[in-house]
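*Asks:* based on what follows, work out the 3D shape:
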Amino acid sequence: MLKTTPTILFSVFLLILSGCTTVLKNTSDLAKIAVANDQVMSGQVAAVIKSASLSDTERLIVDHAINQYVGFVNKWKSSITYLDAREPLFAEFIADYGRVVVQYLAIKEKVVAVHWGEYTEENRLLLSGYHDRAGRINDSVDDLIAAGKRHQALLDAIWLGQIL
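*Replies:* Numbering: from 1, shown residues only. Take a look at the predicted model:
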């Protein structure tokens, strides 16, 4: 039993270090998220997407996705850095984010991909840039979610250590 205690403590220490690294990375990514958010909120992204001749249904897909995103941001912007995997809100955040991702994919696959040839070269570059930023943001949110789960694993390990 005495030999396993240092091993448990060392494991807890490694979990703490890996969690801190992720949090710092996510903090630096908040600036990138802010830029992308400004582009969506200002209407710049929607204007570029709608620069092709879209059907009413395709315009509705874009508008619905933007509204879904705006609702997500308004709901979570004040608590994004304080999410705790132990709270029911964490699962709600993951579900809400999943809906935003589905809307993004709808725009990408049902609108942009269909009209790709209609966009000017400049707008294709903008759309490619938006797509790259969306991928990085998605990676950052995935890291945030993983950090929350690692934090929960750390708490579980400490609780287990106390029992042992």
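*Asks:* I'd like the average pLDDT over stretch 122-137.
*Replies:* Stretch 122-137 carries an average pLDDT of 90.
*Asks:* what residues does it touch?
*Replies:* With contacts defined as Cβ atoms under 8 Å, 6 or more residues apart in numbering, stretch 122-137 is touched by 29, 32-33, 35-36, 39, 45, 48-49, 51, 104, 108, 112, 116, 119. Bear in mind the C-beta positions are built from the backbone N, C-alpha and C, glycine included.
*Asks:* rerun at 10 Å
*Replies:* 29, 32-33, 35-37, 39-40, 44-45, 47-49, 51-52, 101, 104, 107-108, 112, 115-120 (Cβ atoms under 10 Å, 6 or more residues apart in numbering).
*Asks:* pull out the buried residues from those.
*Replies:* 29, 33, 36-37, 39-40, 45, 48-49, 51-52, 104, 107-108, 112, 115, 119 (16 or more other Cβ atoms under 10 Å).
*Asks:* check which element follows the helix or strand harbouring V40 along the chain.
*Replies:* Secondary structure from DSSP states H and E places V40 in helix 4-41. Downstream of helix 4-41, the next assigned helix or strand under DSSP H and E is helix 44-49.
*Asks:* state the mean pLDDT of that following helix.
*Replies:* 94.
*Asks:* now the strands for this protein?
*Replies:* Assigned by DSSP state E, the chain shows no strands.
*Asks:* the helices in it, which residues?
*Replies:* 4-41, 44-49, 56-76, 88-107, 113-115, 121-163 (DSSP state H).
*Asks:* excluding its backbone neighbours, what's nearest V45?
*Replies:* Nearest non-adjacent residue to V45, counting by Cβ to Cβ, 6 or more residues apart in numbering: Q39, 5.3 Å away.
*Asks:* per-residue pLDDT, K75?
*Replies:* 88.
*Asks:* can you list the buried residues in stretch 129-137?
*Replies:* Y130, R133, A134, I137.
*Asks:* no, scratch that, I was asking about stretch 68-79
*Replies:* Those buried within stretch 68-79 under the rule 16+ other Cβ under 10 Å are Q68, Y69, F72, W76.
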